[in-house]
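> Dropping a prediction and its sequence here:
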There are 2 protein chains.
Amino acid sequence: MNDVTADSAIARPATLDKLADAGSHKKTTRIQERNRQRILTAALSVFSTAGYRGATIDRIAQAAGMSKPNLLYYFKTKQAIYIAVLELTLDSWLEPMTRLDASGDPIEELWCYIEEKLELSRQHPQASKLFANEILHGAPNIEGYLKTSLKQLVEEKAGVIRHWMSAGKIADIDQVHLIFMIWATTQHYADFDVQTEILAPGERDERFDTAKSTLRTIFMLGIKPR
Amino acid sequence: MNDVTADSAIARPATLDKLADAGSHKKTTRIQERNRQRILTAALSVFSTAGYRGATIDRIAQAAGMSKPNLLYYFKTKQAIYIAVLELTLDSWLEPMTRLDASGDPIEELWCYIEEKLELSRQHPQASKLFANEILHGAPNIEGYLKTSLKQLVEEKAGVIRHWMSAGKIADIDQVHLIFMIWATTQHYADFDVQTEILAPGERDERFDTAKSTLRTIFMLGIKPR
DNA sequence: CTAATTTCTGACCAAATGGTCAAGAATTTA
DNA sequence: TAAATTCTTGACCATTTGGTCAGAAATTAG
């Protein structure tokens, strides 16, 4: 019996493996390109709604329009598909943060970041759910990434925010926890969309617009220097 | 093949079933009392970390210190255990909101609510994760509850907040989305604890204290009337 | 103490699922 | 066109897992 406890693909890989045909010298054919893409798209859809354990290779194959053995011809294991999808979406999910610019106007920079994060939740809720699931279950597959790349990025941007603070441009609060607040409030609309739909009925876009104006009011007032 | 899509116990039960020995006329023995309790505790632990699909009856039984068939003597199905745990924790999880008092001081009332929610995340992270998982996967088991009891409660309290607003006691923002913000920011520390541990290292209590002071600053400044 | 009832367990079953494989179909290359 | 390579699939296997059951063990009732 395995020692794996949670809804995870594997116990503790230190880092994400590069699954792209990195070392391989074989050229990738057009069929490969197309099918891998189909699989990844299908996998994102299935994993994000069903979680790792809840997803079955059969479902993913079906969603990708191919047979299970055929899918396994492109990705050897279920875990390999999962890791590939995580990899594929991680960068774009974190990208807005990299654009926090120390030389810009603090209030404007932060609002821009919040807005972009909310926009990501609006347009790519599946990515958000994928990560939410992963982290909720202990982040066994991206633990290494969190501890290295993400930590470094967060430390860098926390430094930027701290700089703004000591210049008296924004209120004095913990920088990392401010980032947590931004993540929590924006991703909430993707991860818990079922709940927000029920409790704040109406058109989806309308809901996101109201969310945006609420976030603007509170964050902008909340971080303004006194 | 079943039609169930996500990591869910069942497709769409309108409401949570009362699983307590409601209709039964048999008395509950002491052994029953003890073992049911053990099972529910174990189940909360396992379900919250592994999700519904990731949890196995065997693991729950093991955590409860009994054999699988014995556990199934007390709860007929895995789903029955899951629903029972959800039921057991739902009320206490939502209870702080019921205490939002229209006659109290708005700022103080709201801060009190935020503080209590954060405290719940600190002391009962498992409950938070259980719900996060459930809602993330479409809330198939508590959909009915969300649409009735929770919706009613939220509407009532949104009314209270609206009242404060029209009296000019707090800033003019969407009430329901303010509630979302409070949920998102406080539950974040339970649901994504792995991430917060990595990015904001140090003692757990210290982290929660810093979170609290950050939330206080932003929320209190953010909702203050201009 | 004996009988009735409750509690508990090992053995077992059926379905679901991750993964394999030999061989056929399609495509590319020479 | 023929050979080589890539792509695809039905059939199959092993493991996991939710759940059953007959009966043993313990507990309670008379």
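Good, I have the coordinates.

> Quick one: name whatever helix or strand follows the longest helix anywhere in chain A.
Under DSSP state H, the helix in chain A containing the largest number of residues is helix A:30-54. For helix A:30-54, the succeeding helix or strand toward the C-terminus, using DSSP states H and E, is helix A:57-64.

> tell me what the longest helix of chain A is packed against?
Contact partners of helix A:30-54 among helices and strands, from 3 or more Cβ pairs under 8 Å, 6 or more residues apart in numbering or on different chains; DSSP states H and E: helix A:57-64, helix A:68-74, helix A:78-98, helix A:125-136, helix B:30-54. Heads up, the C-betas are built off the backbone N, CA and C, glycines and all.

> For the fourth one, give me every contacting residue.
Taking contacts as Cβ atoms under 8 Å, 6 or more residues apart in numbering or on different chains, the residues outside helix A:125-136 that touch it are A:7, A:44-45, A:47-49, A:51-52, A:85-86, A:89-90, A:92-93, A:120-121, A:140-142, A:187, A:189-191, A:193, B:51, B:129, B:132-133, B:136, B:191-192, B:194-195.

> hmm, back to that, could the helices and strands packed on helix A:30-54 go into JSON lines alongside mean pLDDT, distance to B:Trp111 and mean neighbour count?
Shown next, in JSON lines, are those (pLDDT from 0 to 100; distance: least, Cβ to Cβ, whole Å; neighbours: other Cβ atoms under 10 Å in any protein chain shown):
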{"stretch": "helix A:57-64", "mean pLDDT": "98", "distance to B:Trp111": "46", "mean neighbour count": "19"}
{"stretch": "helix A:68-74", "mean pLDDT": "98", "distance to B:Trp111": "52", "mean neighbour count": "15"}
{"stretch": "helix A:78-98", "mean pLDDT": "96", "distance to B:Trp111": "29", "mean neighbour count": "18"}
{"stretch": "helix A:125-136", "mean pLDDT": "98", "distance to B:Trp111": "27", "mean neighbour count": "23"}
{"stretch": "helix B:30-54", "mean pLDDT": "96", "distance to B:Trp111": "28", "mean neighbour count": "19"}
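
> want to throw those into TSV with distance to DNA strand D?
TSV is the format used below for the helices and strands packed on helix A:30-54 (distance: least, Cβ to the nearest atom of the strand, whole Å):
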stretch	distance to DNA strand D
helix A:57-64	8
helix A:68-74	3
helix A:78-98	13
helix A:125-136	17
helix B:30-54	6
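
> Mind checking the ones you listed for the one nearest to A:Asn35?
Closest approach to A:Asn35 among the helices and strands packed on helix A:30-54 (Cβ to Cβ): helix A:68-74, 5.7 Å.

> Output the closest one as PDB, nothing but the C-alphas.
The C-alpha trace of helix A:68-74 is given here as PDB (Å, rounded to 0.1, in the frame of the first residue of the first chain):
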ATOM      1  CA  LYS A  68      -7.900   5.900 -23.600                       C
ATOM      2  CA  PRO A  69      -5.000   3.800 -25.000                       C
ATOM      3  CA  ASN A  70      -4.500   6.500 -27.600                       C
ATOM      4  CA  LEU A  71      -4.300   9.200 -24.900                       C
ATOM      5  CA  LEU A  72      -1.800   7.100 -23.000                       C
ATOM      6  CA  TYR A  73       0.300   6.900 -26.100                       C
ATOM      7  CA  TYR A  74       0.900  10.700 -25.700                       C
END
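
> ok, is it in contact with chain B or not?
No: using Cβ under 8 Å from any Cβ of the partner chain, helix A:68-74 stays clear of chain B, with a minimum separation of 13.6 Å.

> Which strands or helices does that helix pack on?
Checking 3+ Cβ pairs under 8 Å, 6+ apart, helix A:68-74 ends up next to helix A:30-54, helix A:57-64.

> Tell me what angle the longest one forms with helix A:78-98.
To tie it back to what came earlier, the one meant is helix A:30-54. Relative orientation of helix A:30-54 versus helix A:78-98 (axes from the mean of the first three to the mean of the last three Cα atoms, to 10 degrees): 90 degrees.

> same thing with the shortest one?
Helix A:57-64 and helix A:78-98 are oriented at 60 degrees to each other (the same axes, to 10 degrees).

> elements contacting helix A:57-64?
Packing partners of helix A:57-64 (3+ Cβ pairs under 8 Å, 6+ apart): helix A:30-54, helix A:68-74, helix A:78-98.

> how about the last one, does it get close to DNA strand C?
Yes: in this structure, helix A:78-98 sits against DNA strand C according to Cβ under 7 Å from any atom of the strand; the contacting residues are A:78-79.

> Can you show me the CA trace of that helix as CSV?
Provided in CSV are the C-alpha atoms of helix A:78-98 (Å, rounded to 0.1, in the frame of the first residue of the first chain):
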residue,chain,number,x,y,z
LYS,A,78,-2.4,10.1,-15.5
GLN,A,79,0.1,12.0,-13.3
ALA,A,80,2.1,13.0,-16.3
ILE,A,81,-1.0,14.7,-17.8
TYR,A,82,-1.7,16.4,-14.5
ILE,A,83,1.8,17.8,-14.1
ALA,A,84,1.8,18.9,-17.7
VAL,A,85,-1.4,20.8,-17.2
LEU,A,86,-0.2,22.4,-14.0
GLU,A,87,3.0,23.5,-15.7
LEU,A,88,1.2,24.9,-18.6
THR,A,89,-1.1,27.1,-16.5
LEU,A,90,1.2,28.1,-13.7
ASP,A,91,3.2,30.7,-15.4
SER,A,92,0.3,32.6,-16.9
TRP,A,93,-1.5,32.4,-13.6
LEU,A,94,1.4,34.1,-11.8
GLU,A,95,2.4,36.4,-14.6
PRO,A,96,0.4,39.5,-13.5
MET,A,97,2.4,39.7,-10.3
THR,A,98,5.7,40.0,-12.2
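
> tell me what it is packed against?
So helix A:78-98, by 3+ Cβ pairs under 8 Å, 6+ apart, packs with helix A:30-54, helix A:57-64, helix A:106-123, helix A:125-136, helix A:151-166.

> Can you say which of the ones you listed is nearest to A:Arg99?
Judged by Cβ to Cβ, the one of those that comes nearest to A:Arg99 is helix A:106-123, at 7.3 Å.

> Alongside DNA strand C, which residues does chain A contribute?
Chain A has residues A:29-31, A:55-58, A:68-69, A:72, A:76-79 near DNA strand C, with proximity defined as Cβ under 7 Å from any atom of the strand.
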